[in-house]
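Colleague: Fold the following, please.
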Amino acid sequence: MTQPARPIYRHISFILLLLAQLVFGLFAFRDYGLSWDEPLFYEYGEALGYAYTPANWLSPDFDLSKSYGSSGDDHKNRGPAYLLLARTPVHLLESLGLDEVPAWRLVNFLTFLLGVYFLYRLSLRWMGEWAAFGAAALFSTQPLLLGHAFINPKDMPFLVFFTGAALFGFEMADALNDEAKSRKRRLFSVIVAAFFLGISTSIRVLAPLAGLLVVVYAIVKQRSIANPKPRTWNLARSLLAYILLSLLFMLASWPYLWESPISNFIQVFRFMSENPTGLQVLFGGQIYRAYELPRRYLPTLLAITLTEPVWPLFALGLGAALAKLTSSVLCLPSSVLRPPFSVPRPPSPVPRPPSSVPRPPSSVPRPPSSVPCPPSTDYWLLLTAFAIPLLYVLLRKPPMYDGFRHFLFILPPVFVTCGLGLDVLFRWLKKLEKGNRSPSWLRAGTILLVSLPGLLGAARLHPYQYAYYNSFVGGTGGAFRVYETDYWLTCYKEAAEQTDFTLPARLFVHREASIAAPYAVSGLTVLDERGNLKDIRAGDYILVNSRTNEDRKTFHDAPTVGEVRRGAAVFCVVKQVP
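Modeller: The predicted model follows:
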């Protein structure tokens, strides 16, 4: 629903939150070790420049495969839109003296902060500033998300742009159905919404779900307006332009589609829907293949990897929204008729003659324009962006691995609903205080209280926040050997830098030696253990991670000379061959 503009001072709390997060990011972005997927993915981003250099187009040996990097067979069908957008600021940071990986890490985190802003702005459609601030604070202090914000250039950018596609799509629908908006303003809203939908589709082919929700909202909103027929053709043209522009943005940002757009897109969609992999996954103390995981996998991880206040607040917010949905309370903004689910008043059976006597004011006043209406069609559509993928996983059981990082994009609707739960709490506090509204310090204290588990968990695990588990399973220590922790092997950095090696020495890495090599001190030679077992001698070091309990299987009799741990959870160990 359309919301009036709000003065900047009403967003001070959120601005301070963003500044605090930015300060944290500037101090922390160098602390994180390389993750399993990063080096080749960043190489893909660098190689993309080949496809966008006009001089190469005129070359007789122009070959699009050169824009996929050395891992083209693995990455060409992964949309590179985020890499394409991020490589320019990365190059700028490199020109200022940052190395390549830290530059990418900082840009990744800034992209995450953009997502926090999108979540806040989206929440304002259905709640006040304090509740929206609480939703953004709870979201941005989740250790799981904070960790991925730095090290994940795949799934976190998709979360951000998918959220942007929903946000700007809803705002486009509002603008197209608002006669007060100029033609230029409507056109601008279509272009922005199409940009975010096209870019998010280029990142992950699941993004058209956001476009579908936007189109449904635009049609429902148009039908809820009195005498909508004169606007129907204009809306149809605008939505067609929205879809076509989205396709153009997607095509322009994905070189793999240039040669055969339709067939290649279908091939990618089928591939990503099946997500074929035979990776092993530790879940519930047992090791499964990714395609053998039980249906409870995603619901379990949703319950134990988010902080404790999330699901109670979600239940409270959803319950409040359902209560408003089933009630007959009307919420009529000054320029818009009833929301589509409102119950209209029946016509009076007896016509009333005109009266010159002024009517008394209604006993049920309308809410002021600055107070958001109860959640309406757009909220319920947003919630389906959580429900549909969840149902898909439960019914189809696609292969899953690395926690649920591929489905991080379903979380924003959860935290928007948490904001509705906070809004209910603030109303209760207002009643307890018997005032017009609860004091600011009380609302701020409530938000701090629900954010505290995330803040403490992030501080304890730094820089392995993404390995967070809540107290329902005894924290990350309780989840160790039961669920996956540092599955992307970011502990190699600390292991290589902090272990007291007797130099010169050789360090054989059980898996992904390339992400340990950049952190090797002078005199330490990093080699891949796989394929080189016959070359390992007494005195050599072995670096092995605890993913699927590999540390128990690899050189299990060799003494441990170093380990990376947080509490009772050991992420990787260094052993020395006797």
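
Colleague: Strands along this structure, start to end?
Modeller: In the chain, the strands defined using DSSP state E lie at 280-283, 286-289, 505-509, 524-528, 541-545, 560-566, 569-576.

Colleague: Residue 376 is nearest to which of the ones you listed?
Modeller: Minimum separation from residue 376 across the strands of the chain (Cβ to Cβ) falls at strand 280-283, 38.7 Å. Quick note: C-beta positions are derived from backbone N, CA and C, even for glycine.

Colleague: Just list what the closest one packs against, helices and strands only.
Modeller: Contacts defined by 3 or more Cβ pairs under 8 Å, 6 or more residues apart in numbering; DSSP states H and E place strand 280-283 against strand 286-289.

Colleague: got the contact list for the strand it packs on?
Modeller: 278, 279, 280, 281, 294, 399, 548, 549 (Cβ atoms under 8 Å, 6 or more residues apart in numbering).

Colleague: what phi and what psi does the backbone show at the fifth one?
Modeller: Okay, so that is residue 294. For residue 294, the backbone dihedrals are phi -70, psi 160 (criterion: degrees, to the nearest 10).

Colleague: which ones are touching it?
Modeller: Here residue 294 is in contact with 283, 288 (criterion: Cβ under 8 Å, 6+ apart).

Colleague: mind checking how far it is from residue 404?
Modeller: To residue 404, residue 294 is 14 Å away according to Cβ to Cβ, to the nearest Å.

Colleague: what do you get for the last one?
Modeller: In this view, residue 549 and residue 404 are 21 Å apart by Cβ to Cβ.

Colleague: Compare these two and say which is more crowded by neighbours.
Modeller: residue 404 (20 against 15; other Cβ atoms under 10 Å).

Colleague: Without its sequence neighbours, what residue ends up closest to the more buried one?
Modeller: Once flanking residues are discounted, residue 404 sits nearest to residue 301: 5.0 Å by Cβ to Cβ, 6 or more residues apart in numbering.

Colleague: count of neighbours near the closest residue to residue 479 other than its chain neighbours?
Modeller: Once flanking residues are discounted, residue 479 sits nearest to residue 469: 3.9 Å by Cβ to Cβ, 6+ apart. Residues lying near residue 469 (other Cβ under 10 Å) number 25.

Colleague: before we move on, what about the one 4 residues further on?
Modeller: By the other Cβ under 10 Å criterion, the neighbourhood of residue 473 contains 17 residues.

Colleague: Check the one 5 residues further on too.
Modeller: Applying other Cβ under 10 Å, we find 18 residues neighbouring residue 478.

Colleague: which ones are touching it?
Modeller: Residues counted as contacts of residue 478 (Cβ under 8 Å, 6+ apart) are 469, 568.

Colleague: gap between it and residue 453?
Modeller: Distance from residue 478 to residue 453, by Cβ to Cβ: 15 Å.

Colleague: Also residue 424?
Modeller: Counting by Cβ to Cβ, the separation of residue 424 from residue 453 is 20 Å.

Colleague: Next: residue 407.
Modeller: Counting by Cβ to Cβ, the separation of residue 407 from residue 453 is 22 Å.

Colleague: which secondary element of this structure has the worst mean pLDDT?
Modeller: The weakest-scoring helix or strand in the chain, judged by mean pLDDT, DSSP states H and E, is helix 72-75 (a mean of 74).

Colleague: Output it in PDB with nothing but the alpha carbons.
Modeller: What follows is helix 72-75, C-alpha atoms only, in PDB (Å, rounded to 0.1, in the frame of the first residue of the first chain):
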ATOM      1  CA  GLY A  72      33.500 -21.900 -17.100                       C
ATOM      2  CA  ASP A  73      31.900 -25.300 -17.100                       C
ATOM      3  CA  ASP A  74      30.900 -24.800 -13.500                       C
ATOM      4  CA  HIS A  75      30.000 -21.100 -13.500                       C
END
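
Colleague: Could you check how far it is from the centre of its chain?
Modeller: Distance, stretch centre to chain centre, for helix 72-75: 24 Å (Cα atoms, centre = their mean, to the nearest Å).

Colleague: when you give positions from now on, start the count at 188
Modeller: Done: numbering now begins at 188, and the last item shifts to helix 259-262.

Colleague: what sits up against it?
Modeller: For helix 259-262, the surrounding residues in contact (Cβ under 8 Å, 6+ apart) are 227, 228, 231, 252, 255, 256.

Colleague: Also stretch 747-765?
Modeller: By Cβ under 8 Å, 6+ apart, stretch 747-765 touches 647-648, 651, 654, 662-667, 672-673, 676, 678-679, 681-682, 685-687, 694, 723-733, 738, 741-742, 744-746.

Colleague: and those, which are buried?
Modeller: Using 16 or more other Cβ atoms under 10 Å as the burial test, the contacts of stretch 747-765 include 647-648, 651, 654, 662-667, 672-673, 676, 678-679, 681-682, 686, 694, 723, 727-733, 738, 741-742, 745 as buried.

Colleague: circling back to that earlier point, relative to residue 504, how far out is the residue nearest to residue 591?
Modeller: Counting by Cβ to Cβ - residue 488 and residue 504 are separated by 21 Å.

Colleague: out of these two, which sits in the busier spot?
Modeller: Neighbour count, other Cβ under 10 Å: between residue 488 and residue 504, residue 504 has more, with 27 against 19.

Colleague: wait, isn't the more buried one in contact with residue 601?
Modeller: No. If you go by Cβ atoms under 8 Å, residue 504 and residue 601 don't touch, sitting 9.4 Å apart.

Colleague: domains of the protein?
Modeller: Domain segmentation of the chain under automatic domain parsing yields 195-216+224-338+468-508+562-646, 679-763.

Colleague: so where is the stretch 388-537 of the chain shaky, pLDDT-wise?
Modeller: The model of the stretch 388-537 of the chain has pLDDT under 70 over residues 413-417, 515-537.

Colleague: next one: the stretch 238-387 of the chain
Modeller: Within the stretch 238-387 of the chain, the stretches with pLDDT under 70 are 259.

Colleague: how about 90 then?
Modeller: Applying pLDDT under 90 to the stretch 238-387 of the chain flags residues 242, 244-248, 250-253, 255-266, 364-368.

Colleague: For it, which segments are assigned as helices?
Modeller: Ranges of helices in the stretch 238-387 of the chain, per DSSP state H, counting those that start in this stretch, are 241-244, 259-262, 268-282, 287-310, 316-327, 330-338, 342-363, 370-390.
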